[in-house]
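Sequence and computational prediction follow.
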Amino acid sequence: MEKYTILVAEDDKAIRESIGIYLKNANYDVIYAEDGQDAVDKFKNNKVDLIIMDLMMPNMSGEEAILKLREHSYVPIIILSAKGEDYDKVIGLNIGADDYITKPFNPLELMARVNSNIRRFHQYQDEHKEEDIIQIGGIKLNTLEKTVYVEDEKISLTSIEYKILELLMKNPNRVFSIEEIYEIVWNEPAIEAKTVTVHIRRIREKIEIDPKKPMYLKVAWGLGYKFVDPKRRN
């Protein structure tokens with residue numbers, strides 16, 4: 001059985017080490033980082049399968065670290081923060097996180113989220129190993145490399161953004177409700193389905209010329225979303 005490595009970025013030593021104890025008891029390897037810059041450096045020098053990221057840290061904040069990490073990787077990132085307002089959670093998802101847990105947190109919930117994100121990420125990779133290029137208009141998606149190009153320019157997506165885009169591009173013109181998208185991509189009941197709209201908005205910002213007037217990722221009012229070829233009549 002493969003053993004996964006978790007990077008814990010937290011400036012509070014007591015919290016950092018307590019998280020590490022739970023992770024090690026669950027048979028994960030653990031790497032510690034004391035601030036955002038340390039997290040970026042540790043990630044570059046180690047094979048990391050998931051990151052738990054605090055936001056308020058010295059030297060480089062968690063937000064800045066996530067933005068830097070997303071330039072090169074879509075490894076799952078769980079934000080662990082004392083900022084618990086809905087606005088803060090939306091911001092966290094917007095900058096590239098896959099999940100958000102508010103302090104003080106239940107260790108069992110944190111472990112459940114870690115297990116779920118690890119399972120979803122690696123199961124998805126195992127199921128999509130075949131080399132395949134999907135191209136619709138100026139958008140090209142490589143399912144082997146998990147890369148996306150817009151007009152031959154590579155763009156950076158989070159793991160969730162990539163999975164949503166691949167689902168829609170593999171089924172052009174088919175309308176998916178936000179509940180369907182959530183259940184397929186997250187592989188769990190659609191409890192937080194509204195987060196899909198946040199990710200859709202982020203995808204549009206990265207692939208559309210004018211995100212407010214999307215050519216590719218269209219809304220079917222009252223029904224959901226679909227991916228279309230703007231050069232064809234749909």
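That came through fine. Since the structure is predicted, the reported quantities are computational estimates derived from the model, not experimental observations.

contacts for stretch 77-84?
Stretch 77-84 is contacted from outside by 10, 19, 50-56, 62, 66, 69, 88, 92, 96-103, 105, 110, 113-114, 117, 158, using Cβ atoms under 8 Å, 6 or more residues apart in numbering. Where you see a C-beta, it was placed from the backbone N, CA and C, and this is true even at glycine.

Let's see which of those end up in helices.
If you go by DSSP state H, the contacts of stretch 77-84 have Ile19, Gly62, Ile66, Leu69, Asp88, Gly92, Leu110, Arg113, Val114, Asn117 in helices.

which one of the residues you listed has the most neighbours?
Counting neighbours by other Cβ atoms under 10 Å, Gly62 comes out on top of the ones in helices among the contacts of stretch 77-84 with 28 neighbours.

Would you check that Arg70 makes contact with Ile160?
No: using Cβ atoms under 8 Å, Arg70 is not in contact with Ile160, being 11.5 Å away.

quick one, which of those two is more surrounded?
Ranked by neighbour count (other Cβ under 10 Å), Arg70 and Ile160 place Ile160 first, with 27 against 18.

can you give me the strands in the chain?
With DSSP state E as the definition, the chain shows strands at residue ranges 5-9, 29-33, 50-53, 77-81, 99-102, 133-136, 139-142, 147-150, 153-155, 217-220, 224-227.

Strand partners (parallel or antiparallel) of the third one?
Strand pairing for strand 50-53, determined by DSSP bridges: strand 5-9 (parallel), strand 77-81 (parallel).

Would you reformat these as a markdown table and include mean neighbour count and mean pLDDT?
Formatted as a markdown table, the strands paired with strand 50-53 follow (neighbours: other Cβ atoms under 10 Å; pLDDT from 0 to 100):
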| stretch | mean neighbour count | mean pLDDT |
| --- | --- | --- |
| strand 5-9 | 23 | 96 |
| strand 77-81 | 24 | 91 |
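
Next, format those as CSV and append distance to Arg204.
Listed next are these as CSV, based on distance: least, Cβ to Cβ, whole Å:
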stretch, distance to Arg204
strand 5-9, 29
strand 77-81, 21
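
just so I know, which of those lies nearest Asn25?
The closest of the strands paired with strand 50-53 to Asn25 is strand 5-9. By Cβ to Cβ, the value is 12.2 Å.

Mean neighbour count, the strands of the chain: which tops it?
strand 50-53 (a mean of 26; mean count of other Cβ atoms under 10 Å).

So for Asn46, which of the strands paired with strand 50-53 sits nearest?
Using Cβ to Cβ, the strands paired with strand 50-53 put strand 5-9 closest to Asn46, at 6.7 Å.

Test my guess that Asn187 contacts Arg120.
Yes: contact criterion Cβ under 8 Å: Asn187 and Arg120 qualify, at 5.2 Å.

Between the two, tell me which one has more neighbours.
Comparing Asn187 with Arg120 by other Cβ under 10 Å, the one with more neighbours is Arg120, at 19 against 13.

With Asp210 as the reference, measure out to that one.
Distance, Arg120 to Asp210, by Cβ to Cβ, to the nearest Å: 32 Å.
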